[in-house]
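K.L.:
structural data only, the sequence is not supplied:
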C-alpha cells in the first residue's frame, strides 16, 4: 500500500548504544501472530521495556521520559537476524521515522525503506559521538535533509552525506510503493517470461 | 568475454529491468510462503483488488507457529490457529499449492522445498524468512525477504532489489573427527562476526565444502545469514545432481537431462573477481558452541570465553554474558545444561538425526536434561521411524515430536524456561529466542548429543573415539 510521504526535517533522538540489536529484540516472535500490520509498537523492545513481573523496566530508555523523538540511534548492525517486517512495523508504529546506525542488516534496511522508515548510515566515530551527546543532552536535535541526503548533528554542526539510491529516495519523498511500480511494468515482466520461456 | 562470478551469471540473467541509479527488478523463479509473514501481503492484494500473478511458482507450508504434539487436533492457541487458517484460506482463494498440517508433504519450508524437488540450481528463490539462504546449497540465489516484498512477488513475480557485493569464502582441506558443516559455518561466523558479511552475497568453495553432502551444505548455507550476508551458495556439482536424481517427483522428468546440461555450466569463471575473498583451513576447525547472544559469539567447545569483545563494544559484550550467566575467561566444558533441542531448518534433516543417533545409541540421556527431537518434515519423521532412529531416541529417554519450527523460535508451546540452558542445533542464540529468559547454546547435532548424554557441555570427540 502507498506509504506516507517522508517530511521530517529535524528531531530529537532516543539513544540505544548496543550493537547487533536483532529483530527478535525489536519484536519477539511470540508477538508475530497478528494478521494485520497495525499495533506492533506496543510490543517494541518488549523484553527490554518490561521486567519479568510485567512492570516497566525504568532503566530502559523508552521508559525514560527525558527521551523522545522520531529518531532512534542504535549501535552497529541494527536489525540483524529474522527477516520479520514486523520489526519495522513496530519501530514505525511506535512513532520513529528515522533509524541511525553505522550499519544496518540488509533485510531490515530494505524492509524499512518499503515502509517509509528512513535508515541513515553514519560513520562509526560520529555515531559514538552522537550517542554520547544525546545521552547527556536529550533535547539535542539532528537535522535530516532527505532531498540533499545530508544528516546534521545540530548542536555541534557535524554533518555527513548519507547514501540512499535515487529510486528509493523518490519513493520516500513521494510516498510511492514498489508494488505499484511493478504492476506498472507487467508488459516488461511478461516479455521477460516469454524470452526465458518461464511463464508457467 | 568478461570473466563472471556464478552470482553475476544467475543474477544478471534474472534482471527484468535495471532502474537507473537504483535497484534491479529481479524475476523470481520460486517463492515459498508460510503462515507468519504472508497474511499482510495477501491483505495488500485484496486491497488492490488483484490476483496472484503466477500462483504455480509459489509453494506454501505451515511451520512457524504450529504445535509439535497432537497435530491431528485443532490448534489450541487462538492466534496461531487463526494464522494457519488464514494461510489455508489465502492459498485456496489465490490458487496456491499448500502443505498444511497432516499433509504428508508438510514440514519446515526450507526442509520440504529441497526434499520435494522445488529448489533447483540456477534459480532465484525467495521467502519471507531469513533462512531462505538454505536453498543456496543447490547453487541457487536464495534469500529472505520482508512481507512488502512477499506482496511484490505475489503481485508481479518480481522484487525490486539492490545487487549485493560478492564475497568468496574458501575452506581448504578436510575437517577432523566430530567437526560438521555446522561447526565450519559457526567457526566462520565467529571469525568475521555476526555482521561481517553485511552487504555481500557469499559463494562457498574449497575442498572442505565440495566434499560435503547436500544436507550438510544446506546447514552451511542456512547459517550464512547469521554473519549478516544476503545469502550464501555453492556451485552445483555431481553431489547436487545425484541428490536431485534421487527425488521421486523429479525421476523420469524428460526435461531434467536438458536442465542438467545447463546446470553444469553454473560455475564462477576462473578469472572472475570478488569484492572480498576469505580463506580458511578446515583442519583448524573444532566442534563449536556459542557462549553469548548472537551467533558470532562462538568458540571451540573446549575453549574459554574471551576476556572482552574484540570489536570493542564492552557494553554489548557484558550485557550478553550477564544474560547467559557466564563470566569472561570461563571454560564452558562441564557446565550443566537443562535442555537439548535437535531440529530446525538448520539441523532437522535425516542426516542430522543419524549423526545424533550415532552418539545416543545404546545410551541414556542424563537425568537433568529435557530433550526434544523435532523432525524437519513429515518425510524426515517417516524416515526416522523406518530407520529405527525414533526407537533409539525413545529408548534413550528423548521425546520425539511432530515436524515444525518448534523451539528454534518458540512461537508455539516448545519454550525453554527463563534462566535454563539449552544446547540447540538451531541457528540463533538471541536473547529470548527460545522463550523469554532462555539461554541458548548453539551447537552441532554431535555436540548436542554429547551434552544430552552427560548433562553438561561436552566434547563430542570423546564419544567418537574407538
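P.N.:
Structure's in. What do you need? Fair warning: this is a prediction, and the values are worked out from it, not measured in the lab.

K.L.:
what strands flank the strand ranked longest in chain A, and is each parallel or antiparallel?
P.N.:
The residue-count maximum for a strand in chain A (DSSP state E) belongs to strand A:10-16. In the sheet, strand A:10-16 lines up against strand A:71-74 (parallel), strand A:141-145 (antiparallel) (DSSP bridges).

K.L.:
in chain A, which spans are helices?
P.N.:
Taking DSSP state H as the test, the helices found in chain A are A:23-26, A:46-49, A:86-94, A:106-113, A:124-136, A:166-174, A:178-183, A:186-196.

K.L.:
could you give the average pLDDT over stretch B:16-33?
P.N.:
Stretch B:16-33 carries an average pLDDT of 95.

K.L.:
buried residues in that stretch, which are they?
P.N.:
For stretch B:16-33, a neighbour-count test (16 or more other C-beta atoms under 10 Å in any protein chain shown) marks B:16-17, B:19, B:22-33 as buried. C-beta: built from backbone N, CA, C; applies to glycine.

K.L.:
ok, and which of those reach chain A?
P.N.:
Among the buried residues of stretch B:16-33, the residues that sit close to chain A (C-beta under 8 Å from any C-beta of the partner chain) are B:16-17, B:19, B:22-23, B:25, B:27, B:29.

K.L.:
closest to chain A out of the residues you listed?
P.N.:
residue B:22 (2.9 Å; C-beta to the nearest C-beta).

K.L.:
flag the shaky bits of the stretch 51-200 of chain B, pLDDT-wise.
P.N.:
Along the stretch 51-200 of chain B, no part satisfies pLDDT under 70.

K.L.:
how far does the longest strand of chain A sit from the chain's center?
P.N.:
Taking C-alpha atoms, centre = their mean, to the nearest Å, one finds strand A:10-16 lying 12 Å from the centre of the chain it belongs to.

K.L.:
that one vs helix A:124-136, what angle?
P.N.:
90 degrees (axes from the mean of the first three to the mean of the last three C-alpha atoms, to 10 degrees).

K.L.:
same list, the strands paired with strand A:10-16, but as JSON lines with mean neighbour count and mean pLDDT please.
P.N.:
Shown next, in JSON lines, are these (neighbours: other C-beta atoms under 10 Å in any protein chain shown; pLDDT from 0 to 100):
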{"stretch": "strand A:71-74", "mean neighbour count": "24", "mean pLDDT": "98"}
{"stretch": "strand A:141-145", "mean neighbour count": "19", "mean pLDDT": "98"}
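
K.L.:
just list the residues touching residue B:96, thanks.
P.N.:
Going by C-beta atoms under 8 Å, 6 or more residues apart in numbering or on different chains, residue B:96 touches B:33, B:52, B:55, B:58-60, B:90.

K.L.:
ok, back up a step: residue B:225: which of the helices of chain A is closest?
P.N.:
helix A:106-113 (8.3 Å; C-beta to C-beta).

K.L.:
same for the closest one, what does it pack against?
P.N.:
Helix A:106-113 is packed against helix A:86-94, strand A:118-121, helix A:166-174, helix B:147-156, with contacts defined by 3 or more C-beta pairs under 8 Å, 6 or more residues apart in numbering or on different chains; DSSP states H and E.

K.L.:
among these, which is nearest residue B:455?
P.N.:
helix A:86-94 (36.1 Å).

K.L.:
per-residue confidence averaged over that closest one?
P.N.:
On average, helix A:86-94 scores 97.

K.L.:
and the contacts of it?
P.N.:
So helix A:86-94 is in contact with A:23, A:26-27, A:31-32, A:34, A:37-44, A:62, A:72, A:79, A:99, A:108, A:111-112, A:114-117, B:146-147, going by C-beta under 8 Å, 6+ apart.

K.L.:
tilt between that helix and helix A:106-113?
P.N.:
Using the same axes, to 10 degrees: helix A:86-94 against helix A:106-113 is 40 degrees.

K.L.:
for helix A:86-94, buried residues please.
P.N.:
A:86-94.

K.L.:
what is the burial count for residue A:7?
P.N.:
11 (other C-beta atoms under 10 Å in any protein chain shown).

K.L.:
domain ranges for chain B?
P.N.:
Per automatic domain parsing, the structural domains of chain B span B:6-161+B:238-261, B:165-233+B:267-284, B:288-464.

K.L.:
and chain A, is the shortest one touching that?
P.N.:
Yes - between domain B:165-233+B:267-284 and chain A, judged by C-beta under 8 Å from any C-beta, the touching residues are B:194-195, B:198-199, B:228, B:230.

K.L.:
let me see the mean pLDDT of stretch A:161-174.
P.N.:
96.

K.L.:
about what we covered before: nearest to residue B:332, out of the strands paired with strand A:10-16?
P.N.:
Nearest of the strands paired with strand A:10-16 (C-beta to C-beta): strand A:71-74, 29.4 Å.

K.L.:
so how far is that closest one off the chain centroid?
P.N.:
8 Å.

K.L.:
again with stretch B:31-41
P.N.:
That offset, for stretch B:31-41, works out to 17 Å (C-alpha atoms, centre = their mean).

K.L.:
what about the stretch 201-350 of chain B, any weak spots by pLDDT?
P.N.:
Using pLDDT under 70, the stretch 201-350 of chain B drops low at B:310-312.

K.L.:
near chain A, which residues of the stretch 301-450 of chain B?
P.N.:
Checking the stretch 301-450 of chain B against chain A by C-beta under 8 Å from any C-beta, the hits are B:311, B:313, B:315-316, B:319, B:409-411, B:418, B:428, B:430-433, B:436-437.

K.L.:
ok, so of those, who is nearest residue B:402?
P.N.:
For these, the nearest to residue B:402 is residue B:411 (15.1 Å; C-beta to C-beta).

K.L.:
what is the neighbour count of the closest residue to the closest one other than its chain neighbours?
P.N.:
Nearest residue to residue B:411, sequence neighbours excluded (C-beta to C-beta, 6 or more residues apart in numbering or on different chains): residue B:65, at 4.1 Å. As a burial measure, residue B:65 scores 25 neighbours (other C-beta under 10 Å).

K.L.:
over to residue B:283?
P.N.:
12.

K.L.:
doesn't residue B:117 make contact with residue B:250?
P.N.:
Yes - between residue B:250 and residue B:117 there is a contact under C-beta atoms under 8 Å: 4.4 Å.

K.L.:
list the residues that contact both of the two?
P.N.:
Joint contacts of residue B:250 and residue B:117 (C-beta under 8 Å, 6+ apart) are residue B:244.

K.L.:
which residues of the stretch 101-250 of chain B fall in helices?
P.N.:
Counting by DSSP state H, counting those that start in this stretch, one finds helices in the stretch 101-250 of chain B at the ranges B:109-115, B:147-156, B:181-192, B:207-210, B:214-222, B:238-245.
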